[in-house]
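S.K.: predicted model follows, preceded by the sequence.
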Amino acid sequence: MLEVNCPYELYHARAFAEALDAGENLQSRLDDLATYACQDPDGHFNPELTKCDLRRADIGLHSFRFKMYRLQPDGTYEFWFDGRLIYHGPGQRDGNVPVEVGGPEGPHWSIHT
């Protein structure tokens, strides 16, 4: 499950991605975060098994930070790990975003943990 706590920034990142013909890539990465580890022990999909808290990143334009939580037996969510959804391409701030070596060609977003 994806919990967006930066709707304004995500709206603008989506518009930016569409303008670069990279909208499918951004949506694919968001879908990856929303459904990460969402299979129960029997192999059934359950979107409530994990929760991804997406927020504006303090690095680079059009990038985000996230915290991943796992559902506990008592119904609460416990912190699991965190990371970044980082934009690579034209318009990013030079020097503030990690350089990706061997990544896809063209503007894209990638998940870093």
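M.R.: Alright, I've got the coordinates. Residues are numbered from 1 along each chain as shown.

S.K.: centroid-nearest residue for the protein?
M.R.: Nearest to the mean C-alpha position of the chain, counting by Cα atoms, centre = their mean, stands Leu85 at 4.3 Å.

S.K.: quick check, that residue in a strand?
M.R.: Yes: judged by DSSP: H, G, I helix; E, B strand; the rest coil, Leu85 forms part of a strand.

S.K.: any idea how far it lies from Phe64?
M.R.: 4 Å (Cβ to Cβ, to the nearest Å). For glycine as for every other residue, the C-beta is placed from the backbone atoms N, C-alpha and C.

S.K.: name the residues contacting each of those two.
M.R.: Leu54, Ala57 (Cβ atoms under 8 Å, 6 or more residues apart in numbering).

S.K.: circling back to that earlier point, separation between the residue nearest to the centre of the chain and Asp31?
M.R.: From Leu85 to Asp31 the distance is 12 Å (Cβ to Cβ).

S.K.: ok so, going back, now do the same contact list for the residue nearest to the centre of the chain.
M.R.: Leu85 neighbours (Cβ under 8 Å, 6+ apart): 29-30, 33, 54, 57, 63-66, 109-112.

S.K.: and it, what are its bridge partners?
M.R.: Judged by DSSP bridges, the bridge partners of Leu85 are Phe64, Ile111.

S.K.: number the chain from 41, please
M.R.: Will do, 41 is the new start, and the previous item becomes Leu125.

S.K.: and the pLDDT at it?
M.R.: As predicted, Leu125 sits at a pLDDT of 96.

S.K.: could you pull up phi and psi at the nearest residue to Tyr76 once chain neighbours are set aside?
M.R.: Leaving aside its sequence neighbours, Tyr76 sits nearest to Thr90 (Cβ to Cβ, 6 or more residues apart in numbering; 5.7 Å). Taking degrees, to the nearest 10, you get phi -130, psi 160 for the backbone angles of Thr90.
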